[in-house]
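> Requesting a structural model of the entry that follows:
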Amino acid sequence: MSRAFYGEVVAPLVAGVEHSAALVGPGSEVLAFDTARSTDHDWGPRVLVFVAPERVAEVEAKVVAGLPERFRGLPTVFEYHERTRPGVTVTDLGSWLVGELGFDPRAGVSLLDRLSAPWQRLAGVTRGEVFHDGLPGAGLEAARAAVRWYPDDVWRYVLACQWRRIAQEEPFPGRCAEVGDELGSAVVGARLAREVMRLALLLRRRYPPYAKWLGSALARLPGAAELRESLIAAVAARSWREREEGLTGAYARLAALQN
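Next up is the predicted model:
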């Protein structure tokens, strides 16, 4: 829908203006996780248009004035992140990138930049669809390519950090059980399962999404069926020994994958 909205409505309004247009950033539809449920909030014909900084106000005024009230039966002005506004956002690329990531990848990406950017933000910038990339010089696709994934040495560091997160709490499901705290064991076990899911995605060069879509992202990984079975067994377990059996099975599968 957003691709058609750009092609049929927005593109004619910005004809002759150097610009890029895309559906990127926040939103379940950017990561292809949207469902019918997604239409109950922050949803409608939407596209981001990037232009030169000095042309933002001019182009925005032209687009807003030219938008039809509805597109394919849907309003083009709707509530998005608690603000009622048009579904077209006109901005300059540099400001948008800094707002999303804290830096503009086209100016170079430092080690601190890579390690400080949240996975969900990186996924939002690098996923989604670019409908047109017509900005002069390094444009949207160049920015996305710069942060598509970590360099190998940083990737290995991130993996080590994630293994360390698991190692710090790995004994606790059993330790909680030793003092009769089955609830505490289950809570820690579920948290460990979450970190395993993130690790699995990182090993496959995928930025983990936020909690709502973590399981969906894991289900799309090739060869993840057995890992999911181990984690489901761990989370559903009614005893700490069953819980640890599921978790250790998951650890072993990921260790083999990394090796």
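> so where do the helices sit in this protein?
Per DSSP state H, the chain carries helices over the ranges 2-5, 11-13, 56-66, 93-101, 111-116, 119-126, 140-146, 152-169, 172-178, 182-203, 214-219, 225-236, 240-258.
> Compile these into a markdown table and extend it with columns for mean pLDDT, mean neighbour count and distance to residue 28.
From N, CA and C alone the C-beta is placed, and that goes for glycine too. Converted to a markdown table, these look like this (pLDDT from 0 to 100; neighbours: other CB atoms under 10 Å; distance: least, CB to CB, whole Å):
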| stretch | mean pLDDT | mean neighbour count | distance to residue 28 |
| --- | --- | --- | --- |
| helix 2-5 | 95 | 18 | 13 |
| helix 11-13 | 97 | 14 | 25 |
| helix 56-66 | 95 | 14 | 24 |
| helix 93-101 | 97 | 18 | 16 |
| helix 111-116 | 96 | 14 | 24 |
| helix 119-126 | 96 | 19 | 10 |
| helix 140-146 | 96 | 18 | 19 |
| helix 152-169 | 97 | 14 | 24 |
| helix 172-178 | 95 | 18 | 32 |
| helix 182-203 | 97 | 20 | 17 |
| helix 214-219 | 95 | 16 | 10 |
| helix 225-236 | 96 | 16 | 21 |
| helix 240-258 | 95 | 17 | 26 |
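> so which of those helices comes closest to residue 82?
Shortest separation from residue 82 across the helices of the chain is recorded for helix 93-101, at 16.9 Å, computed as CB to CB.
> quick one, that closest one and helix 56-66 angle?
For helix 93-101 against helix 56-66, the angle by axes from the mean of the first three to the mean of the last three CA atoms, to 10 degrees is 90 degrees.
> So which residues make contact with helix 93-101?
Applying CB atoms under 8 Å, 6 or more residues apart in numbering, the external contacts of helix 93-101 come out as 20, 25, 48, 50, 53, 103-106, 113, 117, 121-122, 124-125, 135, 139-140, 143, 147.
> Distance to residue 82 added to the helices of the chain, as TSV?
Output for these, formatted as TSV (distance: least, CB to CB, whole Å):
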stretch	distance to residue 82
helix 2-5	21
helix 11-13	26
helix 56-66	19
helix 93-101	17
helix 111-116	26
helix 119-126	19
helix 140-146	27
helix 152-169	33
helix 172-178	39
helix 182-203	28
helix 214-219	25
helix 225-236	33
helix 240-258	38
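> for those helices, which one sits closest to residue 75?
Among the helices of the chain, if distance is taken as CB to CB, the winner is helix 2-5, at 12.0 Å.
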